[in-house]
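> how would this look folded up:
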Amino acid sequence: MAAETNGLPRSRWYLALALVAITPVLVAVALREGFAAEIADLLRFSLSMLLMNGTVLVVAWLPFHQPRSANAPRAPRTAVALAACAGGGALLVTATIAPGAWLAGLAMFACYGVDAATGRDRGLRWIPLVLGLALMVCWVFAGVGRWDAVLWWSLALALSAGLALNAASKAGDPGRVTRRSLSGALAGVGLLCSIGAIVLAARAPGAAVLIAVEGAFALVLMQRAARSFGQRGVFGAACAACTLASVVFVLAV
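As a prediction, this is how the structure comes out:
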């Protein structure tokens, strides 16, 4: 079991790599210039995210660390010092961006840290992670000078996604899903798609219709997945629905 090893679960490494890879793409989308965007912005945000994830990985690793002797410190000083330096460096790299954007980055960093420290098998589950992803969008768009007030709604989308994923992952048996878990997942996905469609209705009607249609399809698919695949099917469908709707929302802003 992962808790008995001295290493991190693979999912934590995959998440860190995904966040680092997504950052330059998000910067390019925010600047609407593809990868011909300002190289300084690409490097600044990518380096900051890389350093942040270095700290987050250490925070996530500490519970798995087993001291070699009874007198050894529970948390290796070198690892903690490196994590602190990486975290400080991540904040310093983006110190020249707008204060609001910098604070959004700090809040994002805190959300990722809470997610790493608590683990998604406990009470908070997915909410810190999805809030961190929403704040990541705010951080990048505000940091490159392309802030739009509509992006505040990304926080509402994130909370809805967190509720959906939290409910979908609660059932103890992967082969079945409780009615309460399914209802919570359906409500979260329905709320997310409703907010996205309503907010974009006047600004980007095509994207609003796409989110609404995708949401309706997802609600039907999740119920079928519950019957055929149980909890894993519901969670996979909810995750896909939340991701697709969120991507459409960001691209339409």
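
> what's the local residue count around the residue nearest to residue 42 when sequence neighbours are not counted?
Nearest-residue entry for residue 42: residue 24, 4.9 Å, with adjacent residues in sequence omitted and distances by Cβ to Cβ, 6 or more residues apart in numbering. Bear in mind the C-beta positions are built from the backbone N, C-alpha and C, glycine included. Neighbours of residue 24 under the rule other Cβ atoms under 10 Å: 18.

> repeat for residue 193
29.

> pull the contacting residues for it.
For residue 193, the contacting residues are 211-212, 214-216, 218, 241, 245, by Cβ atoms under 8 Å, 6 or more residues apart in numbering.

> again, only this time at 7 Å
With contact set as Cβ atoms under 7 Å, 6 or more residues apart in numbering, residue 193 has these partners: 211-212, 214-215, 245.

> then residue 32?
Counting by Cβ under 7 Å, 6+ apart, residue 32 has no contacts.

> out of the contacts of residue 193, list just those in helices.
By the criterion of DSSP state H, membership of the contacts of residue 193 in helices covers 211-212, 214-215, 245.

> ranking the residues you listed by neighbours, who comes first?
Neighbour max across these (other Cβ under 10 Å) = residue 211, 29 neighbours.

> give me the neighbour count for the closest residue to residue 84 other than its chain neighbours.
Leaving out its chain neighbours, the residue that sits closest to residue 84 by Cβ to Cβ, 6+ apart is residue 55, at 7.5 Å. The number of residues packed near residue 55 is 23, by other Cβ under 10 Å.

> okay, and residue 55 sits in which element?
In this structure, residue 55 sits in helix 39-61 according to DSSP states H and E.

> quick one: name whatever helix or strand follows that helix.
Moving toward the C-terminus from helix 39-61, the next helix or strand (DSSP H and E) is helix 77-93.

> ok, and what's touching that following helix?
Helix 77-93 is contacted by residues 44, 47-48, 51-52, 54-55, 58-59, 106, 109 when judged by Cβ under 7 Å, 6+ apart.

> let me see the mean pLDDT of the helix or strand following it.
Along the chain past helix 77-93, the next helix or strand (assigned with DSSP H and E) turns out to be helix 99-118. Taken as a whole, helix 99-118 carries a mean pLDDT of 92.

> quick one: helix 99-118 to chain centroid distance?
Relative to its chain's centre, helix 99-118 lies at 11 Å (Cα atoms, centre = their mean, to the nearest Å).

> and for stretch 140-149?
Distance, centroid of stretch 140-149 to centroid of chain: 18 Å (Cα atoms, centre = their mean).

> so which bits of stretch 132-150 are buried?
The neighbour-count check on stretch 132-150 (16 or more other Cβ atoms under 10 Å) flags 132-144, 147 as buried.

> revised request: answer the last question for stretch 18-36.
Applying 16+ other Cβ under 10 Å to stretch 18-36 flags 19-20, 22-24, 26-31 as buried.

> as TSV, these with distance to residue 10, pLDDT and secondary structure would be great.
Converted to TSV, the buried residues of stretch 18-36 look like this (distance: Cβ to Cβ, whole Å; pLDDT from 0 to 100; DSSP: H, G, I helix; E, B strand; the rest coil):
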residue	distance to residue 10	pLDDT	secondary structure
19	15	91	helix
20	16	92	helix
22	18	91	helix
23	21	92	helix
24	23	90	helix
26	24	89	helix
27	27	90	helix
28	28	87	helix
29	28	86	helix
30	30	87	helix
31	33	84	helix
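
> just curious, which of those residues is nearest to residue 157?
For these, the minimum distance to residue 157 (Cβ to Cβ) is 15.2 Å, reached by residue 26.

> what helix or strand does the nearest residue to that closest one once chain neighbours are set aside sit in?
Using Cβ to Cβ, 6+ apart and skipping residues adjacent in sequence, the residue nearest residue 26 is residue 140, 4.8 Å away. Using DSSP H and E, residue 140 sits within helix 127-143.
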